[in-house]
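J.: structure for the following, please:
(2 chains)
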Amino acid sequence: MTIQTIRPFWSYDIAKTEKWLGEMAAHGYHFIRLRTQKRQFVFEKGEPKDVTFRIQYDKNTELPAALENDGWHLVWQHRKWQILRNDQPAYNIRMFPIRDGLMKRNKVLMYVFGSIFLYHIFTLLMPLLINGLVLMTGGSIHVVGSPFWAITIAYLIVVWGLVPYSFIKLYRSLKRLQHSHTETQNRETFFTTTGRIVTKWKFGWNYAPDKLEQWLRDMEEDGYNLTRISMAGLRFHFQEGEARKVSYCVDYQNSHRPSYFDMHKQAGWQLMYTSDVVLAKWAIWAKEYQTEEAPPTLYSDRTHMLKHAKRIMITYMALFGPVVLMFIGLIMTDINLVQTDGMDISWLQMGIFSLLIMEYSFLMVKSWLYYRRIKRRVDEVAAS
Amino acid sequence: MKQAKLFKSYIPMTETAFYILISLVEPRHGYGIIKHVETITNSRIRLGSGTVYGTLTKMQRDGLITVYADDKRKKIYEMTETGRQIMQQEITRIKELHANAMTFEGELR
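T.: Residues are numbered from 1 along each chain as shown, chains lettered A, B, ... in the order given. Predicted coordinates for the structure are as follows:
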């Protein structure tokens, strides 16, 4: 005998769905398949049993041998979705599938719903504002009926109900997953002295991260121990203390996967700062070393050192290149208009455009110079 | 066809990639790889964790390795069948290299 249950938003909160599948099995209903289109779970009646379920989303469908040995087996699979089951008692399970693929999927979905919602908020606010102004100045508003009220209402339900619901649901479950996913680790205090606090501002370090690394290293050697970084990575707090040998690495990634932080922390690096904004996934890592040792670095091979520097350079080229081109285009159009139509030239506008071109070009050159410095350094190491 | 392209992109392997993949003949976590490589190369190679992270990410994407977590939520990496096949081919290549190195070493002097 089988029973079917529809669970429309099962993929939003995976941990909850997994738990639910386990509870169903405890009542004797064992999951056999999922009809993805209908979001319908199919169960078979059997003996009540305590089992654990895990839902995976990954293009790589080969189950690691260690998971198989630990009792995991595949119950159902469709495209990237996999539902795994383990019949062992929960306290006996030592190995678990990971959720990286799933978290990535839900994050993308969350951003999509979030941007649709933001767009609608703005497009709603604008007419409201205009109408408000019209009413205040004594005007009147005439409401035009919609020819298909059903469509209008359905649209409103989707945009103001489903979209924000999805966004909030995904946001909450992702927060929970992230919290339970990162390895638990005690943060030991990095500094022990109780000296005077000195703060310094540092702007634009992301265009020349190697210089920031050098500066922080020099500060440590002079007895200024970095304690924290605040104000979106611009304000550096130091404590006067003993001179130390500390290696700093400023790292840029396109995305921060959960294993990123675990990997570096395991290897003895301390996270001093991180920003998780799109196109600004920076992390500043620190590691103390002995005088006779070579300073430790995040990247030990040529390929990855260059790859990292190139990633930074390309990001800023792609970001600022089009902006510079746009302003050059605007200036050229203006000059063209002055020459052909006899339009008056706006020196203020020209000045602002030129300044912006210079600023963004300067930043591009800076990040290119950074790449060149790293390339030279890597080549020198290779030659020696 | 796709498989052939994948093999081509990994062979010959960089020394770093070789040592990271060969460490995974048995499952290890990230720091375990660094320690293991340090041991088997008598501290000649000290892998940076960024290098290991970058290499593992790429290998996982290409299906050479898979990942799971232990009960302390620590990530553990394991070689897949594809990974084994690529390693086997690379070892065959290195064996040839080694044989030729031994053959012609004498003629250098």
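J.: okay, and the beta partners of the residue nearest to A:Ser255 when sequence neighbours are not counted?
T.: Distances taken as Cβ to Cβ, 6 or more residues apart in numbering or on different chains put A:Lys281 closest to A:Ser255, at 6.5 Å, once the chain neighbours are dropped. No exception for glycine: its C-beta is placed from N, CA and C like everyone else's. Applying DSSP bridges to A:Lys281 gives these bridge partners: A:Gln253.
J.: please, where are all the helices along the chain?
T.: Using chain A here. Counting by DSSP state H, one finds helices in chain A at the ranges A:14-26, A:65-69, A:100-136, A:149-157, A:163-181, A:209-221, A:258-266, A:302-341, A:347-383.
J.: oops, chain B please
T.: Going by DSSP H, chain B shows helices at B:2-10, B:15-23, B:30-40, B:49-61, B:81-108.
J.: kindly reformat those helices as TSV containing mean neighbour count, distance to A:Ser230 and mean pLDDT.
T.: Compiled in TSV, the helices of chain B are given as follows (neighbours: other Cβ atoms under 10 Å in any protein chain shown; distance: least, Cβ to Cβ, whole Å; pLDDT from 0 to 100):
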stretch	mean neighbour count	distance to A:Ser230	mean pLDDT
helix B:2-10	11	43	89
helix B:15-23	20	36	96
helix B:30-40	18	29	95
helix B:49-61	22	25	94
helix B:81-108	12	43	94
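J.: could I get the helices of chain A as a markdown table with mean pLDDT?
T.: Output for the helices of chain A, formatted as a markdown table (pLDDT from 0 to 100):
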| stretch | mean pLDDT |
| --- | --- |
| helix A:14-26 | 93 |
| helix A:65-69 | 90 |
| helix A:100-136 | 88 |
| helix A:149-157 | 83 |
| helix A:163-181 | 85 |
| helix A:209-221 | 95 |
| helix A:258-266 | 88 |
| helix A:302-341 | 92 |
| helix A:347-383 | 92 |
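J.: out of the ones you listed, deepest packed?
T.: helix A:258-266 (a mean of 22; mean count of other Cβ atoms under 10 Å in any protein chain shown).
J.: circling back: my guess is the residue nearest to A:Ser255 contacts A:Ser275, does it?
T.: Yes. Contact criterion Cβ atoms under 8 Å: A:Lys281 and A:Ser275 qualify, at 6.8 Å.
J.: and those two? Which one has more around it.
T.: A:Lys281 (17 against 14; other Cβ atoms under 10 Å in any protein chain shown).
J.: ok, the more buried one - contacts?
T.: A:252-256, A:275 (Cβ atoms under 8 Å, 6 or more residues apart in numbering or on different chains).
J.: which pLDDT value belongs to it?
T.: Here the pLDDT value assigned to A:Lys281 is 89.
J.: any idea how far A:Arg302 is from the residue nearest to A:Ser255?
T.: Shown here: A:Lys281 relative to A:Arg302, a distance of 23 Å by Cβ to Cβ, to the nearest Å.
J.: what is the burial count for A:Asp222?
T.: A:Asp222: 10 neighbours (other Cβ under 10 Å).
J.: just the pLDDT for it.
T.: Predicted confidence (pLDDT) for A:Asp222: 94.
J.: also A:Arg196?
T.: 88.
J.: would you mind confirming that it makes contact with A:Glu240?
T.: Yes. With contact defined as Cβ under 8 Å, A:Arg196 counts as touching A:Glu240 (4.6 Å).
J.: what's the closest non-adjacent residue to A:Ser173?
T.: Per Cβ to Cβ, 6+ apart, closest to A:Ser173 is A:Asp13, 4.1 Å.
J.: circling back to that earlier point, B:Ile94: which of the helices of chain A is closest?
T.: Comparison of the helices of chain A against B:Ile94 by Cβ to Cβ identifies helix A:302-341 as nearest, at 19.0 Å.
J.: that closest one vs helix B:15-23, what angle?
T.: 130 degrees (axes from the mean of the first three to the mean of the last three Cα atoms, to 10 degrees).
J.: show me what contacts A:Thr333?
T.: Counted by Cβ under 8 Å, 6+ apart, A:Thr333 has zero contacts.
J.: ok, it to chain B distance?
T.: 44 Å (Cβ to the nearest Cβ, to the nearest Å).
J.: what's the end-to-end length of stretch A:194-207?
T.: 33 Å (Cα to Cα, to the nearest Å).
J.: and stretch A:29-38, how far from the chain's centre?
T.: Centroid separation between stretch A:29-38 and its chain, computed with Cα atoms, centre = their mean, to the nearest Å, is 32 Å.
J.: same thing with stretch A:150-169?
T.: Centroid separation for stretch A:150-169 versus its chain: 26 Å, with Cα atoms, centre = their mean.
J.: just the endpoints, please. Distance across that stretch?
T.: End-to-end distance (Cα to Cα), stretch A:150-169: 27 Å.
J.: what of stretch A:33-42?
T.: Where stretch A:33-42 begins and where it ends lie 5 Å apart, using Cα to Cα.
J.: how far off centre is that stretch?
T.: That offset, for stretch A:33-42, works out to 31 Å (Cα atoms, centre = their mean).
J.: can you check stretch A:203-215 too?
T.: For stretch A:203-215, the distance to the chain centre is 22 Å (Cα atoms, centre = their mean).
J.: pick out the residue nearest the middle of chain B.
T.: B:Leu21 (2.2 Å; Cα atoms, centre = their mean).
J.: check whether it really touches B:Leu64, as I assumed.
T.: Yes. B:Leu21 is in contact with B:Leu64 according to Cβ under 8 Å; the separation is 6.7 Å.
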